[in-house]
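Colleague: Quick one, fold the following:
(chains A, B and C)
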Amino acid sequence: MRPAIREALVCQLAPRLLSWFGREQRDLPWRRTRDPYRVWVSEVMLQQTQVGTVIPYYRRFLRAFPTARALAAAPLDEVLRLWAGLGYYSRARNLHRAAQVIVAEHGGRFPRALEAIRALPGVGEYTAGAIASIAFGERVPCVDGNVLRVLARVHCVTGDVRTGRTRRRLEALAWEAVPAERPGDYNQALMELGSLVCRPTDPACGECCLSDLCEARRRGRQRGVRTPRKREGTRRVRAVAGIAWRRGCVLIARRPLEGVWGGLWEFPNCRPVEGETDFETLTRLFAEGFGLIVEVGERLVSLTHGIMHERIELAAYGCKVVDGRTKASAHVAVKWVRPEELAEYALPAPHRKLVLQQLTPSARTPARR
DNA sequence: AAAACGGGGCG
DNA sequence: CGCCCAGTTTT
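Modeller: Numbers count the residues shown, from 1 in each chain, chains lettered A, B, ... in the order given. Just a heads-up that it's a prediction; the model follows:
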């Protein structure tokens, strides 16, 4: 494309997008505020998580922690509890740490400078741009997957958007196009268009406010901008969990802060060793990991949970404790709690499913043998 | 059941 | 810069 033509195109983007956004934007809780703290919380929650899932979490989180100071003062356990089920728990840990940085280094006021925002734990280039433009009206872009796709199509950039050259080119185009007026609305419009209209597959060009400007569409190359990543297939793995009962309480254990599901609570579980029965696995797990002799009862439920390249098939069994003193080894804490208290603990999604299916009042208590 | 998706952190 | 993390959604 000739520079003059590209410049004309770039100038058209903002008015088109702003007008479309004014008509079509969804009414979302975080669009009713410019409080940088709230914008930040919403942006972090929205990383890798859908709008519909985020809304109730956002409301609860802000009710519990209305300011950065409140968040900084809360125990991490409480923060994780309100995050439980959203996944990607390092986001919650970073949010908590960053709130403490805001209190310690910025007097509790959210920093305004892009560099200072960018320096907060868990805030990368994208999130910093989103906060700076939406909350502070700075003329900076925020480049997420949606934005990359829309810009790649509009300018018909067909290279792999994840490689350095193409990525830098698209970022340069993103910088150029941000308007001085309402940069935050413009950025949100671009992302909203990417998620609602200029979708990865089957883009709805017929209802796109940019379709007559879109170079990919002009050339019939809308699909050409996608460059799927090669990835090895997911493998299936089994895991067994034991819901151990003692005097009306069940045993949960807290994982170390580092690693997968850091700081979260879970039912004792592990992957069976080759050739071992579930019965043997659980007997060994409780003896070695928790100092308990248990009688393994009936299988309660099995469910699947995907993480990384693995599809975990989790089978849960009820267990009755017959002897032993509870201790932790791989965990940082263990606790016996009444089933109705489980809601007060941060459990990862698959263990929450176990609670819902087995331990809520409507579910039966496990048979004992 | 498999594949696609994607911000941030880190080496 | 490129890989890894920890999931959900789409096909």
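Colleague: burial measure for residue A:105, as a count.
Modeller: Using other Cβ atoms under 10 Å, residue A:105 has 12 other residues around it. Where C-beta positions appear, they are placed from N, C-alpha and C, glycine not excepted.
Colleague: Please apply the same query to residue A:12.
Modeller: By other Cβ under 10 Å, neighbour count at residue A:12 equals 15.
Colleague: Quick one: low-confidence residue ranges for chain A.
Modeller: Counting by pLDDT under 70, chain A contains low-confidence ranges at A:224-233, A:361-369.
Colleague: in terms of contact, does residue A:244 touch residue A:252 like I think?
Modeller: No: using Cβ atoms under 8 Å, residue A:244 is not in contact with residue A:252; the gap is 9.4 Å.
Colleague: neighbour count winner among those two?
Modeller: A direct count of neighbours by other Cβ under 10 Å for residue A:244 and residue A:252 places residue A:244 higher, at 27 against 24.
Colleague: Would you mind giving the secondary structure of that one?
Modeller: Secondary structure assignment for residue A:244 (DSSP: H, G, I helix; E, B strand; the rest coil): strand.
Colleague: Mind listing the residues bridging to it?
Modeller: For residue A:244, the beta-bridge partners are residue A:319 (DSSP bridges).
Colleague: count of neighbours near whichever residue of chain A sits closest to DNA strand C?
Modeller: Scanning chain A for the residue nearest DNA strand C gives residue A:164, at 1.3 Å (criterion: Cβ to the nearest atom of the strand). The local packing of residue A:164 (other Cβ under 10 Å) involves 8 other residues.
Colleague: before we move on, what about residue A:162?
Modeller: Quick note: residue A:162 (other Cβ under 10 Å) scores 11 neighbours.
Colleague: can you check residue A:115 too?
Modeller: 9.
Colleague: Also residue A:360?
Modeller: 12.
Colleague: which ones are touching the residue lying closest to it once chain neighbours are set aside?
Modeller: Excluding the flanking residues, the one nearest residue A:360 by Cβ to Cβ, 6 or more residues apart in numbering is residue A:339, at 7.7 Å. For residue A:339, the contacting residues are A:250, A:355, A:359, A:360, by Cβ atoms under 8 Å, 6 or more residues apart in numbering.
Colleague: Kindly indicate the member of those residues with the most neighbours.
Modeller: Compared across those, residue A:250 has the highest neighbour count, 23 neighbours, by other Cβ under 10 Å.
Colleague: and that one, that one's in a strand?
Modeller: Yes: counting by three-state DSSP, residue A:250 is found in a strand.
Colleague: Distance-wise, check the closest residue to it other than its chain neighbours relative to residue A:217.
Modeller: Nearest residue to residue A:250, sequence neighbours excluded (Cβ to Cβ, 6+ apart): residue A:243, at 5.5 Å. Per Cβ to Cβ, to the nearest Å, residue A:243 is found 55 Å from residue A:217.
Colleague: ok, the two, which is more surrounded?
Modeller: For the pair residue A:243 and residue A:217, the greater number of neighbours falls to residue A:243 (24 against 19), based on other Cβ under 10 Å.
Colleague: Check whether the more buried one really touches residue A:355, as I assumed.
Modeller: No: if you go by Cβ under 8 Å, residue A:243 and residue A:355 don't touch, sitting 9.2 Å apart.
Colleague: Okay, now stretch A:139-150: how far is its last residue from its first?
Modeller: The first and final residues of stretch A:139-150 sit 19 Å from each other (Cα to Cα, to the nearest Å).
Colleague: Which residues does that stretch contact?
Modeller: Contacts for stretch A:139-150 (Cβ under 8 Å, 6+ apart): A:114, A:125-130, A:132-133, A:161, A:167, A:170-171, A:174-175, A:177-180, A:183, A:187, A:190-191, A:193-195, A:198, A:200, A:210, A:225-226.
Colleague: Kindly write the PyMOL command that selects the buried subset of these.
Modeller: A single PyMOL command selects the buried members of these (16 or more other Cβ atoms under 10 Å):
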select buried, chain A and resi 114+126+127+128+129+130+132+133+161+167+170+171+174+177+178+179+183+187+190+191+193+194+195+198+210+225
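Colleague: And the residue lying closest to residue A:31 once chain neighbours are set aside, its phi and psi?
Modeller: Excluding the flanking residues, the one nearest residue A:31 by Cβ to Cβ, 6+ apart is residue A:25, at 7.0 Å. Phi and psi for residue A:25, reported as degrees, to the nearest 10, are phi -60, psi 150.
Colleague: Show me which helix runs longest in chain A.
Modeller: Counting by DSSP state H, the longest helix found in chain A is helix A:3-24.
Colleague: other SSEs contacting the next helix or strand after that one?
Modeller: As assigned by DSSP states H and E, the chain's next helix or strand after helix A:3-24 is helix A:36-46. Helix A:36-46 sits against helix A:51-64, helix A:90-106, helix A:125-136, with contacts defined as 3 or more Cβ pairs under 8 Å, 6 or more residues apart in numbering; DSSP states H and E.
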